[in-house]
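Visitor: Whatever this is, show me its structure:
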Amino acid sequence: YFPFEFLALPGVNTKMLLAVLGLVCVVFYMLKEKNLSMPRELLYLVALAAAVSLASLISITINQTPDTAYVNYIISFSVWLSGAFAVCTMIKVLHGRISVRLVLNYLVAVCFFQCLASLLIYNNPLLADFVNSHITFGQEVLFELRGMMRLYGLGSMLDIAGLRFSLVLIGIAFYLSELKYPLSFLERIVYILMFGVITVIGNIMSRTTMVGAGIGLVFVLMVVFVKANSFISQTRLSSLFTLAGTLSLVVVSCVILYNTDTTVRKFLRFGFEGFFSLAEKGEWEVSSNERLKTMIVFPETLHTWVIGDGYFENSRYDANYLGESTELGYYMGTDIGYLRFIFYCGLIGLIMMIGLILYSTIVCIRYFEKERWLFILALLAGLTIWFKVSTDIFCFLALFLSVAALKDPMMRESEKDMCVKGTD
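Guide: Modelled structure (predicted):
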């Protein structure tokens with residue numbers, strides 16, 4: 001979920017290593033099931049991923065640019081899917097079963113670990129030196145993180161962390177809503193604590209985390225007040241009080257630390273800059289959002305709208321580029337995800353990319369009808385975050401596509417029939 005690269009193995013990250021294991025798992029699984037055919041859904045997904053690569057290839061070929069950012073997307077897609085299959089296979093072997101909630105619990109644990117790791121790395125110089133000398137971050141990125149008072153974990157930093165934390169927070173909120181899966185009191189407390197910890201520390205790592213936290217909280221409140229069939233049941237009321245009480249403890253803890261520790265104060269003011277601005281100035285103002293407003297730049301030619309200019313990264317790295325270079329590190333000076341894709345491979349490439357994510361979401365909903373809102377909200381978060389930065393949620397969906405492939409076919413059909421009949 002947060003792949004990283006060791007300095008001792010340049011060019012090879014943990015995602016790639018898992019993908020190799022995934023290929024072995026796929027072969028074993030196909031031989032065990034005595035079925036060597038590919039599912040129709042997978043064929044469609046491969047076709048869409050290939051279309052993204054083809055659109056990118058056409059753009060850089062016609063525009064004669066060296067920027068291959070998404071030309072190899074079909075390979076990246078395959079690596080994510082194979083790595084996810086390896087992880088889900090190991091989970092199934094360990095537990096003897098596989099489910100959406102079980103995989104989500106692992107993701108929650110991973111995100112919680114990243115939050116703790118980021119605090120340990122920041123507060124322990126020896127650990128920080130060890131991590132920085134064995135894991136590749138990129139010296140420019142590392143310098144930026146330290147200068148901006150941002151935490152970072154093992155492969156989790158900036159918007160990469162923000163998107164993936166957001167998706168997990170949405171998953172926690174889905175189960176806290178108790179639509180189909182009533183939680184015990186202990187499970188509810190643990191989920192709420194994880195939600196609070198990941199939200200607070202995640203925002204210090206990347207303020208994009210607030211997108212998932214906001215969507216998740218709104219969804220829980222909507223379920224409690226809207227989905228209760230015009231009345232609030234005792235269970236839902238208890239859930240609401242538990243949520244409010246536990247989150248209040250998290251807030252109180254943050255307030256105490258804010259007033260007693262200068263470092264924590266700096267971190268919290270950075271992570272929740274918008275809230276502090278609203279309280280002190282009466283208006284919501286976040287520095288990154290203000291900078292984003294200056295990045296709204298639309299293509300000026302039909303050629304660019306259709307197939308793009310062939311640049312995703314900064315054009316100044318192209319020795320043959322004769323136009324003006326940008327100082328912010330992105331072509332045309334914009335980091336807005338939708339615009340970067342349009343400038344790179346046009347509306348054709350953008351539509352193919354959105355189509356891949358949308359179809360992946362549809363497949364997950366088809367196989368996991370009871371968790372449909374989890375995937376709908378994840379799609380909403382992904383499309384929302386694209387207004388800020390270019391990144392996709394396939395790394396998240398690939399895990400659940402693997403869950404669908406690993407579940408017993410008879411069980412899968414039984415669950416679908418139960419959903420059709422309206423039973424849980």
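Visitor: Tell me where the stretch 101-250 of the chain has strands.
Guide: 135-136 (DSSP state E, counting those that start in this stretch).
Visitor: Where does the prediction get shaky in it?
Guide: For the stretch 101-250 of the chain, residues meeting the criterion pLDDT under 70 lie at 136-149, 178-181, 226-243, 246.
Visitor: redo that, cut-off 50
Guide: Applying pLDDT under 50 to the stretch 101-250 of the chain flags the ranges 139-140, 143, 230-231.
Visitor: Same check on the stretch 251-400 of the chain?
Guide: 322, 325.
Visitor: Can you verify G382 is assigned to a helix?
Guide: Yes. Per DSSP: H, G, I helix; E, B strand; the rest coil, G382 lies within a helix segment.
Visitor: Now do P3 against I160, distance only.
Guide: The gap separating P3 from I160 is 9 Å, by C-beta to C-beta, to the nearest Å. Where you see a C-beta, it was placed from the backbone N, CA and C, and this is true even at glycine.
Visitor: do the same with I58
Guide: Distance from I58 to I160, by C-beta to C-beta: 28 Å.
Visitor: So which bits of the top helix by length along the chain are buried?
Guide: The residue-count maximum for a helix in the chain (DSSP state H) belongs to helix 337-367. Residues of helix 337-367 classed as buried by neighbour count (16 or more other C-beta atoms under 10 Å): 337-354, 356-357, 359-361, 363-365, 367.
Visitor: Nearest spatial neighbour of the spatially most central residue of the chain, chain-adjacent residues omitted?
Guide: For the chain, R164 is the residue whose C-alpha lies nearest the centre (C-alpha atoms, centre = their mean; 2.8 Å). Among residues not flanking R164 along the chain, Y1 sits closest, at 6.0 Å (C-beta to C-beta, 6 or more residues apart in numbering).
Visitor: my guess is the one you found meets C395, correct?
Guide: Yes. Between Y1 and C395 there is a contact under C-beta atoms under 8 Å: 6.6 Å.
Visitor: what residues are shared contacts of the two?
Guide: Common contacts of Y1 and C395, defined by C-beta atoms under 8 Å, 6 or more residues apart in numbering, comprise R164.
Visitor: Phi, psi for E5 please.
Guide: phi -120, psi 130 (degrees, to the nearest 10).
Visitor: Ok, P3 next?
Guide: Torsion angles, degrees, to the nearest 10, at P3: phi -70, psi 150.
Visitor: OK, contacts around it?
Guide: N13, T14, K15, M16, G83, G155.
Visitor: Distance-wise, check it relative to V110.
Guide: From P3 to V110 the distance is 12 Å (C-beta to C-beta).
Visitor: tally of neighbours for the closest residue to V223 other than its chain neighbours?
Guide: Spatial nearest neighbour of V223, chain neighbours left out: S177 (3.9 Å); criterion: C-beta to C-beta, 6+ apart. Residues lying near S177 (other C-beta atoms under 10 Å) number 23.
Visitor: Count residues in the vicinity of the residue nearest to R164, would you?
Guide: With other C-beta under 10 Å as criterion, Y1 counts 22.
Visitor: who touches it in this structure?
Guide: Shown in contact with Y1 (C-beta under 8 Å, 6+ apart): L107, V110, C111, R164, C395, F396, L399.
Visitor: How confident is the prediction for the nearest residue to the second one once chain neighbours are set aside, by pLDDT?
Guide: The spatially closest residue to V110, leaving aside those adjacent along the chain, is Y1, at 5.5 Å (C-beta to C-beta, 6+ apart). Confidence at Y1, expressed as pLDDT, is 89.
Visitor: Kindly report the same for the one 5 residues further on.
Guide: As summarised for this prediction, F6 has a pLDDT of 80.
Visitor: thinking it is in contact with V131, fair?
Guide: No. Counting by C-beta under 8 Å, V131 is not a contact partner of F6; they are 10.9 Å apart.
Visitor: All the helices of the stretch 1-150 of the chain, in order from the start?
Guide: 14-33, 40-63, 73-95, 100-123, 125-134, 139-147 (DSSP state H, counting those that start in this stretch).
Visitor: Now distance to T391 too, for those, in a markdown table please.
Guide: As requested, those are exported to a markdown table (distance: least, C-beta to C-beta, whole Å):
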| stretch | distance to T391 |
| --- | --- |
| helix 14-33 | 15 |
| helix 40-63 | 14 |
| helix 73-95 | 12 |
| helix 100-123 | 16 |
| helix 125-134 | 23 |
| helix 139-147 | 15 |
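Visitor: Out of those helices, which is closest to V220?
Guide: Of all those, helix 100-123 sits nearest to V220, with 15.5 Å by C-beta to C-beta.
Visitor: who does the closest one touch, helix- and strand-wise?
Guide: Counting by 3 or more C-beta pairs under 8 Å, 6 or more residues apart in numbering; DSSP states H and E, the packing neighbours recorded for helix 100-123 are helix 73-95, helix 125-134, helix 158-176, helix 185-205, helix 394-406.
Visitor: Save the ones you listed as CSV, and put in distance to L43 too.
Guide: CSV is the format used below for the helices and strands packed on helix 100-123 (distance: least, C-beta to C-beta, whole Å):
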stretch, distance to L43
helix 73-95, 13
helix 125-134, 40
helix 158-176, 26
helix 185-205, 36
helix 394-406, 13
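Visitor: count of neighbours near V224?
Guide: When neighbours are counted by other C-beta under 10 Å, V224 registers 19.
Visitor: From what I see, it and S177 are in contact.
Guide: Yes. Under the criterion of C-beta under 8 Å, V224 makes contact with S177 at 7.4 Å.
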